[in-house]
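S.K.: give the three-dimensional model of this entry:
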Amino acid sequence: MFENRQQEMETMLKQNEEFRRLYNHHQQLEKRVLAAEHGTAPMENLALNQLKREKLRAKDQLTRMMEQANAA
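M.R.: Sure, this is the predicted structure:
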């Protein structure tokens, strides 16, 4: 995530507790999605889709936070 903005992301992780919390939440969601997709933690399609939507909302919020930090 944010491969092209690695330095910026690392700065945000160090300086912004809310960003760090949300980033960690996103990472946990990513692990759960991958586990479900690979069959190591099977779940219903509806639950998986909800998990993916939650992960996307977190990523969108992280992106907005990075953009706001750049604008400041």
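S.K.: strands of the chain, residue ranges please.
M.R.: Counting by DSSP state E, one finds no strands in the chain.
S.K.: which residue lies nearest the spatial centre of it?
M.R.: Residue closest to the mean C-alpha point of the chain, counted by Cα atoms, centre = their mean, is His26 at 2.9 Å.
S.K.: let me see the contact set for that one.
M.R.: Met1, Lys55, Ala58, Lys59, Leu62 (Cβ atoms under 8 Å, 6 or more residues apart in numbering). From N, CA and C alone the C-beta is placed, and that goes for glycine too.
S.K.: please flag which of the residues you listed sit within helices.
M.R.: By the criterion of DSSP state H, membership of these in helices covers Lys55, Ala58, Lys59, Leu62.
S.K.: the third one is in contact with Met1, isn't it?
M.R.: Yes - the pair Lys59 / Met1 is scored as a contact, 6.6 Å apart, by Cβ atoms under 8 Å.
S.K.: more neighbours: which of the two?
M.R.: The residue with more neighbours, out of Lys59 and Met1, is Lys59; 17 against 13, by other Cβ atoms under 10 Å.
S.K.: report the contact partners of the more buried one.
M.R.: Contact analysis of Lys59 by Cβ under 8 Å, 6+ apart lists Met1, His26.
S.K.: how near is it to Met43?
M.R.: 20 Å (Cβ to Cβ, to the nearest Å).
S.K.: low-confidence bits of the protein, can you list those?
M.R.: Counting by pLDDT under 70, the chain contains no low-confidence range.
S.K.: how many neighbouring residues does Glu3 have?
M.R.: For Glu3, the neighbour count with other Cβ under 10 Å is 6.
S.K.: let me fix that: Arg20
M.R.: Neighbour count of Arg20, defined by other Cβ under 10 Å: 13.
S.K.: correct me, but it touches Met9?
M.R.: No - Arg20 lies out of contact with Met9 (Cβ under 8 Å); the separation is 10.4 Å.
S.K.: what about the helices in the chain?
M.R.: Using DSSP H, the helices of the chain run over residues 6-15, 17-38, 45-71.
S.K.: from the chain's centre, how far out does stretch 34-43 sit?
M.R.: Centroid separation for stretch 34-43 versus its chain: 18 Å, with Cα atoms, centre = their mean, to the nearest Å.
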